[in-house]
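A.B. asks: my questions concern the predicted model and sequence given below.
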Amino acid sequence: MPEPTKEHTFETAMQRLKALVREMESDQMPLEGLLTAYEEGTGLVKVCQGQLAKAQQRLEIIQRNAARQLETKPFDPTGAKAEMPVARASAKDANLF
């Protein structure tokens, strides 16, 4: 039986786990085979959990980056809210100097 490795994709590891479960539930596997399959399955579960944890970390980073996008607004020295968004600012506003 193949050893679970880091080279497994999440999908291939899940396919192998499903196959192992079918084999183990068939009542055709001897005890030693069941133990070997169980051991392989626990290794595959660890691979899947590791890949899911990495995916979750990537999602959190993406969400964090999206939440911190810079938003540019026209400068207002009085502190009042600008009435005109940057996209509608005229060329006159852009040529302050």
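C.D. replies: Good, I have the coordinates. Keep in mind that what you see is a predicted model, and the values were worked out from it rather than measured. Numbering: from 1, shown residues only.
A.B. asks: P30: how many residues sit nearby?
C.D. replies: Close neighbours of P30, defined as other CB atoms under 10 Å, add up to 8. Placement of C-beta: from N, CA and C, glycine included.
A.B. asks: flag the shaky bits of the protein, pLDDT-wise.
C.D. replies: Low-confidence segments of the chain (pLDDT under 70): 1-6, 69-97.
A.B. asks: please verify my assumption that E40 contacts L20.
C.D. replies: Yes. Between E40 and L20 a contact is recorded at 6.4 Å, counting by CB atoms under 8 Å.
A.B. asks: would you mark the buried spots in stretch 51-62?
C.D. replies: Buried residues in stretch 51-62, counted by 16 or more other CB atoms under 10 Å: Q51.
A.B. asks: list the contacts of that stretch.
C.D. replies: Contact partners of stretch 51-62, identified using CB atoms under 8 Å, 6 or more residues apart in numbering, comprise 9-10, 13.
A.B. asks: out of the residues you listed, which is most surrounded?
C.D. replies: Most surrounded of these: other CB under 10 Å gives A13, at 23 neighbours.
A.B. asks: quick check: that residue vs V45, distance?
C.D. replies: Going from A13 to V45 by CB to CB, to the nearest Å gives 8 Å.
A.B. asks: and for L52?
C.D. replies: Counting by CB to CB, the gap from L52 to V45 is 10 Å.
A.B. asks: R58 now?
C.D. replies: Distance from R58 to V45, by CB to CB: 20 Å.
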